[in-house]
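In: Model the structure of this input:
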Amino acid sequence: AALKKMIPVFEAGLCASQLVSIVESGQRIGDAIVPENKTAFATVCSIVVNGALLKSGIPMDSRFGGILQIKDRKPKRFTEIIHYNGCSLDPSEIFIRAKMTSVTEAAHTGSGEILANFREIPSICLPTVERVQQSLESAGLGRVMICGTPSEAVCEIPVEPNKIGMVLLGGLNPVAAAMEAGFEADNQSMATVMEYGELVQFQDLLKERY
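Out: Residues are numbered from 1 along each chain as shown. Next up is the predicted model:
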């Protein structure tokens with residue numbers, strides 16, 4: 001039932017990736033064991049983009065996680081932000097607990113508030129970033145929602161000189177939609193790493209379950 005509430009989010013592309021995984025109680029997911037009477041639903045985190053860029057020698061400044069306002073299916077501005085260096089919890093978890101998202105509404109109507117993250121990269125690295133991003137998209141991993149221009153604000157967020165602002169979709173948007181519908185979940189952002197081969201397309205998962 002929770003998966004059905006996530007369908008519009010995946011169809012609208014309001015997720016970091018279409019790849020997911022489901023692990024039943026008692027089984028292992030990455031380094032963790034799924035607790036009794038629980039089912040684990042894994043989504044790809046936007047931090048994958050950071051890792052891929054770092055592997056390519058590109059430094060990335062992860063500034064904050066926030067609530068991004070969507071209007072007419074286009075990103076408008078950040079309405080709430082929590083800087084990573086000012087909080088020991090993941091911002092997305094805080095926003096979900098506080099019931100500050102309207103991901104389902106954004107998926108259905110094109111207007112609402114979703115989870116997103118803000119990064120900065122040196123502007124000189126943009127050609128390499130574009131190549132890495134193409135590779136990630138080909139593999140179904142990580143999608144940059146917005147990539148700005150040098151030194152210019154993105155979604156009303158100022159950018160440092162000679163840097164480019166990037167907005168990445170939050171990996172927990174599908175789960176936020178399920179929780180908006182009343183389902184309970186214990187969210188653990190950036191909880192573990194797992195084999196790429198263990199991930200499946202969300203639509204293929206639905207076919208297996210229904």
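In: biggest helix in the chain, by residue count?
Out: Ordering each helix of the chain by length in residues (DSSP state H) puts helix 126-138 first.
In: And the contacts of that one?
Out: 48-49, 52-53, 56-58, 121, 142-144, 147, 164 (Cβ atoms under 8 Å, 6 or more residues apart in numbering). C-beta here means a position set from N, CA and C on the backbone, and glycine is covered the same way.
In: in that helix, what counts as buried?
Out: Within helix 126-138, the residues scored as buried using 16 or more other Cβ atoms under 10 Å are L126, V129, V132, Q133, L136.
In: hmm, which two among the residues you listed are most spread apart?
Out: Put simply, by Cβ to Cβ the two of these set farthest apart are L126 and L136, 15.2 Å from each other.
In: how close does the most far-flung residue of the chain relative to its centre get to A178?
Out: Centroid-distance maximum for the chain: E36 at 26.9 Å, with Cα atoms, centre = their mean. To A178, E36 is 21 Å away according to Cβ to Cβ, to the nearest Å.
In: Equivalent analysis for S151, please.
Out: 39 Å.
In: Those two: which is more packed in?
Out: Legend: neighbour count by other Cβ atoms under 10 Å for S151 and A178, higher for A178 (21 against 14).
In: Let's see the pLDDT reported for the more buried one.
Out: Per-residue pLDDT puts A178 at 96.
In: for D90, same thing?
Out: For D90, the predicted pLDDT is 89.
In: ok, now F95?
Out: In this model, F95 is scored at 96, pLDDT.
In: Does the strand or helix carrying it pack against any helices or strands, and if so which?
Out: According to DSSP states H and E, F95 maps onto helix 91-97. When contacts are defined as 3 or more Cβ pairs under 8 Å, 6 or more residues apart in numbering; DSSP states H and E, helix 91-97 packs onto strand 61-71, strand 74-83, strand 112-122, helix 173-180.
In: Spatially nearest residue to the one residue sitting closest to the centre of the chain, not counting backbone neighbours?
Out: Centroid check for the chain by Cα atoms, centre = their mean gives G170 as the closest residue, at 2.1 Å. Nearest residue to G170, sequence neighbours excluded (Cβ to Cβ, 6 or more residues apart in numbering): L115, at 3.0 Å.
In: swap in C147?
Out: M166 (5.3 Å).
In: next one: L206
Out: Sequence neighbours aside, L3 is the residue nearest to L206 in space, at 6.5 Å (criterion: Cβ to Cβ, 6+ apart).
In: packing partners for the one helix or strand that neighbour maps to?
Out: Counting by DSSP H and E, the element that carries L3 is helix 2-11. Under the contact criterion of 3+ Cβ pairs under 8 Å, 6+ apart, helix 2-11 touches helix 103-109, helix 173-180, helix 202-209.
In: how about 10 Å then?
Out: Judged by 3 or more Cβ pairs under 10 Å, 6 or more residues apart in numbering; DSSP states H and E, helix 2-11 is in contact with strand 19-23, strand 40-43, helix 103-109, helix 173-180, helix 202-209.
In: Quick one, which of those gets closest to Y84.
Out: In terms of Cβ to Cβ, the element of these nearest to Y84 is helix 173-180, at 18.3 Å.
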